[in-house]
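Engineer: no sequence for this one, just the structure:
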């Protein structure tokens, strides 16, 4: 059974509309079972039994009893304070709630046990256990808190008690205990560190709805109302959504036909698995036999390439608590800059040259360039219409015909050593893409990889790292390597088949605590670039 | 009496806890990947998910003592800039702190260069694996599994050297279709972790005996799988939301990453095309007094301060959406040198006002303010953005 089976919502046919006796979507399985049992008793006109069950459902005034006998005396006041903070947290988000200490059978009973033991599967110590009962002689919710937590065991703090009480009250108000995404007041993960439970808007909404339902049910029983219990059944057409390739920025619209084949009212919430998928946020209802249309909108701006998304329907159909509707399409990018740069870098000779890139434009919706400017280097670009075949490795596309502009940028001689960013900006008339930008890093000198040697945190063990120097197309020889710091050694490695040489950098494990900074100097046979310096950083702890 | 047992323990464990005790020891497999450089949750809608600090905390919280395998499906970063290098190094350090067993070496890491691959491997404790790239070891034995990685884009690898005495876990740098092909071709693979630009898989996709799963993108989630008696028992997608406290060690790694970004002046080195100059918000206020009052009471007016508070004010990933014109040679440089361009100002949305100021009745600012919202309030960073709702907060 998936966690979201707790979304079960059984519809009812009622003379009035909207139906106050529809079990709210998202409520816990325990809440639904009790609510459904009460409704079935009401349907059968067994009002006393219905009343007993409905009394177990939430009330705005919650009676609480705590047994602190097992708690060491010096901690009792602290833990009692934690309990009151737990209900205080609920009162902050639902001010209409009241909590009161009682000595009789309460709705929430809190006890403590020395150790709830390790769970055999998770290996974690059980921090607490919650029991829900439909038996009138017992508390509706019994919370048992362990007096040890974690591995290795620690003594729970006041906040831990507060956390468990907050969750137990959540269980009382019908919040599901195993939410899938870890958010909300029931989703806190028990770890070695304290992490406060946080309410989500959905927690408060559902607790409020469940309380209203319980009150309406008790009123219906008191008034001897007639109800008929029915169960919904969802079907969707289509079961998956697809679209022909579209241009980036296009909106794709679908309508999913949702049909209720059951005999109870169907309620469902639709959620996209991405911010780019828009669906109506409010819950939708369908009468038995009714078909409704769910609009789905995909905004493809920023999603070039394969487009795989989904819409999830959280339903009250007990057989299909979650219906996943896959979305498939392909988004043609409105533009791509393709050319000789590898991973955004281009090695250029000091004598200059020309940088050429191809602006491939989506022909189904071509952008219209108005002006092209260049920054980073002093140059006037030229451009002309272009047609040809190019691959786009980044999008996984092989050679294929493309149409657009060929942009050429004359590069001046004697660019500074290192990397120089060359940025081409194209102004267009399209309001969605008013300026499209392409940056390539021009490398002229010898570059280390990585640019700095970083050891991270080190202790008293020696460490070794290495870097390489590269300047494709213009080989050079390394004559010597040296370090300016005693604790950092440097050594030239053998030549690799690629022609590169590794420069090994060692840390001796003896530096004082703090940041150790050094500079490794590499001497080359290139008179234009006789030395290359590489900074080194180690954090000695 | 009807008694329902409901354990208030860790949510992701819930399905495990209620299961019956099985004869063999269970193992937990924790899977992350496709972080794409998102070392920290980013955005103006709270709560955002993800980040290495929470992820290390989550691994510590979700581990079974002595019976946990931690896997990283690669894609540490998405680019090749110096900031990507720093991110990759910081992520490798964080992965070491979560006792990672294997990291897939994929094209994203290879593009950073041979030296950077060495740095990632060293800083993670020597955990890179790949059958497709020779810079990494071909596999590791982790718990009951043999773990390896392959790249769908590379030549088909040789599988002959992998031990056959235990099930294989394959970290795939490829999509679901490639994962299906791989699972069909390699029946020893009991788990294939694939790459996805969608949310984390909440349910496994079975292919023969194998499960195909994805941790989703941008490090927002991680997966926790249960393995027992030679089969997978559970899968939970764990959202790395604010319920996970920051891990102190990972927080230290992250703080050092930010310090290095600052120290290397990466903000100053951003490529900046030439555009019109900016007048600054104060220049607009002399005439547009009402708009200025609205602006001063809006969050836009202290957008940079929010970054300064949490140490991201020198981070090129963040600053662009908190100042005027970071992508322009005439735009924001620092609060000290360009104070009038700090924060989200008039020209962030309306475009340069210099020409408008010179002839206010005939020349209007060229920007399209409504569209400008979406430059920063995009689905990733501002998923709840709705123009009509948000506009009411700054109507002027």
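Structural biologist: Structure received. These figures come from a predicted structure and were not determined experimentally.
Engineer: low-scoring pLDDT stretches of the chain, where are they?
Structural biologist: Picking chain A for this. Scanning chain A for pLDDT under 70 picks out A:1-18, A:26, A:120-123, A:151, A:177-184, A:187-197, A:318-319, A:321, A:343, A:498-499.
Engineer: Let me rephrase: I mean chain B.
Structural biologist: Applying pLDDT under 70 to chain B flags the ranges B:1-23, B:43-48, B:243, B:379, B:383-384.
Engineer: again, only this time at 80
Structural biologist: For chain B, applying pLDDT under 80 flags the ranges B:1-24, B:41-49, B:197-199, B:201-203, B:241-245, B:273-275, B:366-371, B:374, B:378-389.
Engineer: which residues of the stretch 51-200 of chain B fall in strands?
Structural biologist: Taking DSSP state E, counting those that start in this stretch to define them, one finds strands in the stretch 51-200 of chain B at B:68-72, B:102-104, B:128-129, B:139-142, B:145-151, B:168-173, B:189-193.
Engineer: likewise the stretch 51-200 of chain A?
Structural biologist: Using DSSP E, counting those that start in this stretch, strands in the stretch 51-200 of chain A cover A:61-67, A:98-101, A:108-113, A:128-133, A:141-146.
Engineer: Which one, of the ones you listed, ends up nearest to residue A:338?
Structural biologist: Taking C-beta to C-beta as the criterion, strand A:128-133 is the member of the strands of the stretch 51-200 of chain A that comes nearest to residue A:338, at 58.9 Å. The way it works is simple: take the backbone N, C-alpha and C, and place the C-beta from them, glycine included.
Engineer: Now do the buried residues in the closest one.
Structural biologist: Going by neighbour count (16 or more other C-beta atoms under 10 Å in any protein chain shown), the buried part of strand A:128-133 is A:128, A:129, A:130, A:131, A:132, A:133.
Engineer: Show me what that strand is packed up against.
Structural biologist: Under the contact definition 3 or more C-beta pairs under 8 Å, 6 or more residues apart in numbering or on different chains; DSSP states H and E, strand A:128-133 sits against strand A:141-146, helix A:158-172, strand B:3-6.
Engineer: Could you dump these into CSV and include mean neighbour count and distance to residue A:524?
Structural biologist: Shown next, in CSV, are these (neighbours: other C-beta atoms under 10 Å in any protein chain shown; distance: least, C-beta to C-beta, whole Å):
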stretch, mean neighbour count, distance to residue A:524
strand A:141-146, 24, 67
helix A:158-172, 25, 61
strand B:3-6, 15, 70
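Engineer: And these: which comes nearest residue A:422?
Structural biologist: The nearest among the helices and strands packed on strand A:128-133, by C-beta to C-beta, is helix A:158-172 at 55.3 Å.
Engineer: helices or strands up against that closest one?
Structural biologist: Packing contacts for helix A:158-172, counted by 3+ C-beta pairs under 8 Å, 6+ apart, involve helix A:73-93, strand A:108-113, strand A:128-133, strand A:141-146.
Engineer: which neighbours does the third one have in its sheet, and in what orientation?
Structural biologist: When you say that, I think you mean strand A:128-133. Looking at strand A:128-133 with DSSP bridges, its partner strands are strand A:141-146 (antiparallel), strand B:3-6 (antiparallel).
Engineer: So what's the gap between it and the chain middle?
Structural biologist: Computed by C-alpha atoms, centre = their mean, to the nearest Å, the chain-centroid distance of strand A:128-133 equals 30 Å.
Engineer: related to what we said a few turns ago, ok, the buried residues of strand A:128-133 vs residue A:287, which is closest?
Structural biologist: Nearest to residue A:287 among the buried residues of strand A:128-133 is residue A:132, at 32.0 Å by C-beta to C-beta.
Engineer: Identify the bridge partners of the closest one.
Structural biologist: Residue A:132 forms beta bridges with residue A:141, residue B:4, as assigned by DSSP bridges.
Engineer: rewinding a little: right, and the strands of the stretch 51-200 of chain A - which one's nearest residue A:277?
Structural biologist: Using C-beta to C-beta, those put strand A:128-133 closest to residue A:277, at 35.6 Å.
Engineer: show me what contacts the closest residue to residue A:434 other than its chain neighbours?
Structural biologist: Nearest residue to residue A:434, sequence neighbours excluded (C-beta to C-beta, 6 or more residues apart in numbering or on different chains): residue A:428, at 6.3 Å. When contacts are counted by C-beta atoms under 8 Å, 6 or more residues apart in numbering or on different chains, residue A:428 touches A:367, A:368, A:369, A:370, A:434, A:435, A:436.
Engineer: Can you give me the distance of the fifth one to residue B:273?
Structural biologist: Computed with C-beta to C-beta, to the nearest Å, the distance linking residue A:434 and residue B:273 is 13 Å.
Engineer: what residues are shared contacts of those two?
Structural biologist: By C-beta under 8 Å, 6+ apart, no residue touches both residue A:434 and residue B:273.
Engineer: Work out for me the element residue 206 sits within.
Structural biologist: Looking at chain A here, since you left the chain open. helix A:201-222 (DSSP states H and E).
Engineer: hm, I was asking about chain B
Structural biologist: According to DSSP H and E, residue B:206 maps onto strand B:205-207.
Engineer: Also residue A:504?
Structural biologist: Taking DSSP H and E as the definition, residue A:504 sits inside strand A:501-507.
Engineer: Give me the contacts around that strand.
Structural biologist: Strand A:501-507 is contacted from outside by A:453, A:455, A:458, A:462-469, A:478, A:481, A:483, A:487-496, A:516, A:520, A:522, A:534, A:536, A:538, using C-beta under 8 Å, 6+ apart.
Engineer: how far out from the middle of the chain is it?
Structural biologist: In this view, strand A:501-507 has its centroid 40 Å away from the chain centroid, taken as C-alpha atoms, centre = their mean.
Engineer: likewise stretch B:65-80?
Structural biologist: The answer for stretch B:65-80 is 12 Å, by C-alpha atoms, centre = their mean.
Engineer: same check, this time on stretch A:109-118
Structural biologist: Relative to the centre of its chain, stretch A:109-118 is centred 34 Å away, using C-alpha atoms, centre = their mean.
Engineer: What's the end-to-end length of that stretch?
Structural biologist: The first residue of stretch A:109-118 is 23 Å away from its last residue (C-alpha to C-alpha, to the nearest Å).
Engineer: Kindly report the same for stretch A:475-494.
Structural biologist: Start and end residues of stretch A:475-494 are separated by 16 Å (C-alpha to C-alpha).
Engineer: What are the buried residues along that stretch?
Structural biologist: The neighbour-count check on stretch A:475-494 (16+ other C-beta under 10 Å) flags A:476, A:478, A:481, A:483, A:485, A:487, A:488, A:489, A:490 as buried.
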